[in-house]
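Student: Sequence first, predicted coordinates after that:
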Amino acid sequence: MVIEEALKIAEEDVKINKAMGIHGSALLKSGDIIATICNAGRLATSGEYGTALGVVKVAHEQGKKVSVIALETRPALQGARLTAFELKRMD
């Protein structure tokens, strides 16, 4: 019962993040530059899309060429490093 609920929550999170990506991508055009703070990609959510990086992923899937500036204010730059890691592997 707990596992089924967890899987349901994870599936719902992916759907919500993809929908956010679709709506956000509609605001972007090729050549736009996006700044992110911390990590807001698939590593920070239930999987496939992420939140802010979900917008970038959908734009990428649509063939839009956008640039991302990954900002971070905490020690060790962990959010910026995770974001850069995800962007390098974006498919």
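Tutor: The structure has been received and is ready for your questions.

Student: how deep is Asn39 tucked in, by neighbour count?
Tutor: 24 (other CB atoms under 10 Å). Where C-beta positions appear, they are placed from N, C-alpha and C, glycine not excepted.

Student: Same question for Cys38.
Tutor: The tally of other residues near Cys38 (other CB under 10 Å) stands at 17.

Student: excluding its backbone neighbours, what's nearest it?
Tutor: With CB to CB, 6 or more residues apart in numbering as the criterion, Cys38 has its nearest non-adjacent residue at 3.6 Å, and that residue is Gly79.

Student: Now name the helix or strand holding the spatially most central residue of the chain.
Tutor: Centroid-nearest residue in the chain: Leu53, 2.2 Å away (criterion: CA atoms, centre = their mean). In the assignment (DSSP states H and E), Leu53 maps to helix 52-61.

Student: Averaged pLDDT, that helix. What do you get?
Tutor: Averaging pLDDT along helix 52-61 gives 93.

Student: now swap in stretch 70-89 and tell me
Tutor: On average, stretch 70-89 scores 86.

Student: Quick check: end-to-end length of that stretch?
Tutor: From the first residue to the last, stretch 70-89 extends over 15 Å; the measure is CA to CA, to the nearest Å.

Student: All set, thanks.
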